[in-house]
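Q: I would like to see how this sequence folds:
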Amino acid sequence: MEDWQKVLVPPHTKIQETIQMIDAHALQIALIVNEDNKLLGTVTDGDIRRGILSGVSLNNNVNQIMNTNPVTIPKMKDKKSILEILKVNKLRHLPVVNDSGCVVGIERLEDLLHPADSKNWVVIMAGGLGSRLQPLTNKCPKAMLHIGGKPVLETILQHFITQGFHRFCISVNYRAEQIINYFGDGSKWGADIRYIQEDRKMGTAGSLSLFPITTEKPIIVMNGDVLTNVNFNQLMNFHRDQQVEATVAVRSFDFQVPYGFVKVKKDRLIGFEEKPIYTSFINAGIYVLHPALLNKIPKNSYFDINQLFEIMLLNKEQISTFPIREYWIDIGNMEDFNQAKLDFNEVFK
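A: The predicted structure is shown next:
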């Protein structure tokens, strides 16, 4: 591995800088080292997203979220043994260190397996009326509105395809023929595209009960009005690492109260807080589901995705959350639709 020197970072590096470094290189890991290149820890995309979920600021130093006890190996030539260590420890990276603990290389699961394109299916929910975007949607489904000179849905598909996903199922209803006629069987994009034809409103998840494919691999489900440059392979890796049945992508959302708060204890004023800002996570409209979960959705009925997760929570099934730190916007209203048009060239070209 020739580029491992480029992912060495000192422990006082800011998390935000580390993110930029990880995104800029194919290794998808940062090795935290001291001035002698002695390994202090590792940071992956999953470590960063778990840090975000626990409230760690991206302005903090990276050593606050690093794995301080990574599995390492000495320099080895037997690729079969390296692969076995990776599999046993459920890892995708192994720092290679010398007798002094200094980094001399890195081994990566992807390099040893030479993976083919993803076999996972992607379901895109594109059946909505787009009422909040009228009159633009009077004669056009929301997912076919143009941003950046092409339909929103085409940008979504192309982003998946560039990351190795080629199996799509598009759920359609309102003016379905426009979507089907435009994308066809997907061969124009080198993809396999199938369709779920809704004959009435089925909520945000009801049409998943009609998913026509039998698969054992996790399924990505995404709303057709979301534009994002999230790394879907990192989403799948995160889901796999969490060993859960479902993962919900979330987005940080700040809300500032437009007034000054007065703090009161019983009948006494104890202080003030000027226009406080609260941060919450909102549903990003992107999910990874174990295919067996589709059996929990009532056949051919109106059903929202939240109902599925509520059933899972009642059954004490684990659901992980994947924080999106990349560009993300829901174009479902006119203000955000226009904002996406302004953002497009910078984000997607």
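
Q: Tell me, how many residues neighbour Lys38?
A: Using other CB atoms under 10 Å, Lys38 has 14 other residues around it. Every residue, glycine included, has its C-beta placed from N, CA and C.

Q: tally of neighbours for the closest residue in space to His12 that isn't next to it in sequence?
A: Spatial nearest neighbour of His12, excluding adjacent residues (CB to CB, 6 or more residues apart in numbering): Asn61 at 5.1 Å. When neighbours are counted by other CB under 10 Å, Asn61 registers 17.

Q: isn't Asn61 right next to Ile15, touching?
A: Yes - if you go by CB atoms under 8 Å, Asn61 and Ile15 touch, sitting 7.3 Å apart.

Q: Look up how far Asn37 lies from Ile82.
A: Relative to Asn37, Ile82 is positioned 21 Å away (CB to CB, to the nearest Å).

Q: again with Arg240
A: Taken as CB to CB, the span from Arg240 to Asn37 is 31 Å.

Q: repeat for Asn283
A: Going from Asn283 to Asn37 by CB to CB gives 43 Å.

Q: List the buried residues for whichever helix or strand Asp47 is part of?
A: Assigned by DSSP states H and E, Asp47 belongs to helix 45-53. For helix 45-53, the neighbour count (16 or more other CB atoms under 10 Å) marks 45-52 as buried.

Q: Format those as a markdown table; extra columns: distance to Ser320.
A: What follows is those, written out as a markdown table (distance: CB to CB, whole Å):
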| residue | distance to Ser320 |
| --- | --- |
| Asp45 | 14 |
| Gly46 | 10 |
| Asp47 | 14 |
| Ile48 | 15 |
| Arg49 | 10 |
| Arg50 | 10 |
| Gly51 | 15 |
| Ile52 | 13 |
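
Q: now, among the residues you listed, which is nearest to Pro74?
A: Using CB to CB, Asp47 is the member of the buried residues of helix 45-53 that lies nearest Pro74, at 24.0 Å.

Q: wait, the closest one sits on Asn63?
A: No - counting by CB under 8 Å, Asp47 stays clear of Asn63, with 11.2 Å between them.

Q: residue closest to the middle of the chain?
A: Taking CA atoms, centre = their mean, the centroid of the chain lies closest to Leu235, which sits 4.2 Å from it.

Q: how about it, phi and psi?
A: phi -60, psi -50 (degrees, to the nearest 10).

Q: if I pick it, what's in contact with it?
A: Remark: with contacts taken as CB atoms under 8 Å, 6 or more residues apart in numbering, Leu235 is in contact with 220, 247, 249, 286, 288, 322.

Q: out of the residues you listed, which are buried?
A: Neighbour-count burial (16+ other CB under 10 Å) applied to these gives 220, 247, 249, 286, 288, 322.

Q: show me where the stretch 201-349 of the chain has helices.
A: Here the stretch 201-349 of the chain has its helices, by DSSP state H, counting those that start in this stretch, at 232-242, 305-314, 334-348.

Q: And for Phe253, the neighbour number?
A: Using other CB under 10 Å, Phe253 has 11 other residues around it.

Q: and what of Gly149?
A: The local packing of Gly149 (other CB under 10 Å) involves 10 other residues.

Q: hang on, Val33 packs against His12?
A: No - using CB under 8 Å, Val33 is not in contact with His12; the gap is 11.7 Å.

Q: Which one of the two is surrounded by more residues?
A: Neighbours per residue, other CB under 10 Å: of Val33 and His12, the larger number sits with Val33, 20 against 9.

Q: Apart from its neighbours in sequence, what residue is nearest that one?
A: Leaving aside its sequence neighbours, Val33 sits nearest to Leu8 (CB to CB, 6+ apart; 5.0 Å).

Q: Please determine how far Pro151 is located from Gly224.
A: 10 Å.

Q: where do the contact lists of these two overlap?
A: Ala143.

Q: Compare Ile82 and Asn37 and say which is more crowded by neighbours.
A: The neighbour count for Ile82 versus Asn37, taken as other CB under 10 Å, is higher for Ile82 (19 against 16).

Q: picking up where we left off before, including distance to Lys341 and pLDDT, could the buried residues of helix 45-53 go into JSON lines?
A: Listed next are the buried residues of helix 45-53 as JSON lines, based on distance: CB to CB, whole Å; pLDDT from 0 to 100:
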{"residue": "Asp45", "distance to Lys341": "29", "pLDDT": "87"}
{"residue": "Gly46", "distance to Lys341": "33", "pLDDT": "88"}
{"residue": "Asp47", "distance to Lys341": "35", "pLDDT": "90"}
{"residue": "Ile48", "distance to Lys341": "30", "pLDDT": "90"}
{"residue": "Arg49", "distance to Lys341": "29", "pLDDT": "89"}
{"residue": "Arg50", "distance to Lys341": "34", "pLDDT": "89"}
{"residue": "Gly51", "distance to Lys341": "33", "pLDDT": "89"}
{"residue": "Ile52", "distance to Lys341": "28", "pLDDT": "88"}
